[in-house]
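**Student:** Below are the sequence and a predicted model for it; my questions follow.
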Amino acid sequence: MRVRHTQLLLRGGARTPLEPLAPESFWRSTLPNETLLRRLSIVSTEGARRRVSVESPWKQLTTRGMDESYALGRRIETWMSEQSLGDEEEEVPALVIASPDQRSTWTARAVLRGLCASHGQSDPMAVRLRTTRAALRVPVQDEDEDAKQDVAMDLTELLALRPDALEDASWPRLLDVAETASIFGLLPKGQLDQAWKAVLAPAHRAARALCDSKAAKRAGPLLRLTLEPAMLLQSGSLGSERLRLVVLPGFSLLCWACALQLPRLVRLWPAPSSSLLVETLDDQDGQIFLRIWHPRTHLELRPSWHQEDGPIPLERLQQEKLTRNPSTRAPRRTRADATRPKVTRGVKRGQELGLQEPLRGKTGASGASGVTVT
């Protein structure tokens, strides 16, 4: 059995709140400076040097988020070396898929910079960017009004906000405030345990509802996007692509874990820069398999319905999940797929990051609701 493709599914790096939250001066201090942006080749260094400024500090990738994404890229580079994806001189075609927002794009660039770090190159890899709207958003729900008001009052008091700052906040807004404030140490440790459980409960209920067999059509584009390499290999049209980086919102990763019934993940909320590795394999008989790893712990994850030893047969996965949703059939390979730029392995050369251009082009999957960066 051999590994034919490696895919990294990750959440965007730690960011500032989606909407204004006091104190603004603190959140601006978490943003990366111009030197860091240029070091990661996030801004062009050609021509006259221009000052990089961020007009709004909200929903922006932070310095911490960039550092964690860069560290993830280093770990994946080591993983690729250990898995022997090719010789040092072999080129490995790669594809980056990200939501069309700045935080996702910057996260991808920081990960790619980590992949290039051991080769001492100053520019990121030559990678093709494909935007997608297959991501799922945390729905706004009006249930549990009393519990929502209690959480809003707790957050208002602990963060010393104006009394009316979170008066009409939705559950997604409260989740955003609680998470970002906790990550950056604005909330006392252990003071939000009950409120945190209350904030996460609507997101978990929504994820389970979306992945229910009766509502699986809404999650279909996300499943198709993440299982696309295996389905292309099954149809004999994968081509030369060997590496894929997919940046998704946290709620999308939670829905993905629920859809595949991964018991270790369905009870957790994905932290910023958290990731999963999905390997696509085949055997001598041409059967396709999937293997899911947690990169940080090197722990293999298996669906609750797969108790046998070894990787997950794609055919069994299709029987369990995908046959319930016709929209998850293997996508047609386009002419553009056959001409994707190649990047050197592990990654040897880091030239021309294709992310320098404005985000444009076709979406990766259709039929899903809009994108969120929660």
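**Tutor:** Structure received.

**Student:** now the strands: where do they sit in the stretch 201-350 of the chain?
**Tutor:** For the stretch 201-350 of the chain, the strands defined by DSSP state E, counting those that start in this stretch cover 243-248, 275-282, 288-294, 299-301, 312-313, 342-344.

**Student:** helices or strands next to the first one in the packing?
**Tutor:** Here strand 243-248 is seen to pack against strand 2-11, strand 91-98, helix 102-116, helix 216-226 when contacts are counted using 3 or more Cβ pairs under 8 Å, 6 or more residues apart in numbering; DSSP states H and E. Glycine gets a C-beta too; all of them are placed from N, C-alpha and C.

**Student:** Also the fourth one?
**Tutor:** Helices and strands touching strand 299-301, as assessed by 3+ Cβ pairs under 8 Å, 6+ apart, comprise strand 288-294.

**Student:** just to revisit the earlier point, need the helices and strands packed on strand 243-248 in a markdown table with mean pLDDT, can you?
**Tutor:** Formatted as a markdown table, the helices and strands packed on strand 243-248 follow (pLDDT from 0 to 100):
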| stretch | mean pLDDT |
| --- | --- |
| strand 2-11 | 94 |
| strand 91-98 | 79 |
| helix 102-116 | 89 |
| helix 216-226 | 81 |
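
**Student:** so Lys197, which of the three states?
**Tutor:** Three-state secondary structure (criterion: DSSP: H, G, I helix; E, B strand; the rest coil) places Lys197 in helix.

**Student:** how close does it get to Glu167?
**Tutor:** Distance from Lys197 to Glu167, counting by Cβ to Cβ, to the nearest Å: 22 Å.

**Student:** so where do the helices sit in this structure?
**Tutor:** For the chain, helices defined by DSSP state H occupy the ranges 24-29, 34-39, 63-83, 102-116, 145-158, 171-183, 193-210, 216-226, 228-234, 250-260, 314-320, 335-338.

**Student:** Save those as CSV, and put in distance to Pro270 and mean neighbour count too.
**Tutor:** Supplementary listing: the helices of the chain in CSV, determined by distance: least, Cβ to Cβ, whole Å; neighbours: other Cβ atoms under 10 Å:
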stretch, distance to Pro270, mean neighbour count
helix 24-29, 22, 14
helix 34-39, 25, 14
helix 63-83, 13, 19
helix 102-116, 13, 26
helix 145-158, 20, 16
helix 171-183, 10, 21
helix 193-210, 10, 18
helix 216-226, 14, 22
helix 228-234, 20, 22
helix 250-260, 4, 26
helix 314-320, 21, 17
helix 335-338, 28, 12
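
**Student:** residues in contact with the nearest residue to Leu21 once chain neighbours are set aside?
**Tutor:** Spatial nearest neighbour of Leu21, excluding adjacent residues (Cβ to Cβ, 6 or more residues apart in numbering): Val177 at 6.1 Å. Each residue near Val177 by Cβ atoms under 8 Å, 6 or more residues apart in numbering is listed here: Pro17, Leu21, Leu155, Leu159, Leu166, Ala169.

**Student:** so which of the residues you listed comes closest to Leu186?
**Tutor:** Leu159 (6.1 Å; Cβ to Cβ).

**Student:** quick revisit: what's the closest of the helices and strands packed on strand 243-248 to Pro311?
**Tutor:** Of the helices and strands packed on strand 243-248, the one closest to Pro311 (Cβ to Cβ) turns out to be strand 2-11, at 9.9 Å.

**Student:** Return the distance of that closest one from the chain's centre.
**Tutor:** 12 Å (Cα atoms, centre = their mean, to the nearest Å).

**Student:** I'd like the strands of the stretch 201-350 of the chain laid out as TSV, including distance to Arg264 and mean neighbour count.
**Tutor:** Converted to TSV, the strands of the stretch 201-350 of the chain look like this (distance: least, Cβ to Cβ, whole Å; neighbours: other Cβ under 10 Å):
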stretch	distance to Arg264	mean neighbour count
strand 243-248	18	26
strand 275-282	11	22
strand 288-294	8	20
strand 299-301	6	14
strand 312-313	15	20
strand 342-344	32	23
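
**Student:** Dump the ones you listed to TSV, plus distance to Arg11 and mean pLDDT.
**Tutor:** Listed next are the strands of the stretch 201-350 of the chain as TSV, based on distance: least, Cβ to Cβ, whole Å; pLDDT from 0 to 100:
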stretch	distance to Arg11	mean pLDDT
strand 243-248	6	93
strand 275-282	7	95
strand 288-294	13	95
strand 299-301	16	93
strand 312-313	22	95
strand 342-344	23	40
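
**Student:** Switch those over to a markdown table; also include distance to Ser237.
**Tutor:** Shown next, in a markdown table, are the strands of the stretch 201-350 of the chain (distance: least, Cβ to Cβ, whole Å):
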| stretch | distance to Ser237 |
| --- | --- |
| strand 243-248 | 15 |
| strand 275-282 | 13 |
| strand 288-294 | 13 |
| strand 299-301 | 27 |
| strand 312-313 | 20 |
| strand 342-344 | 18 |
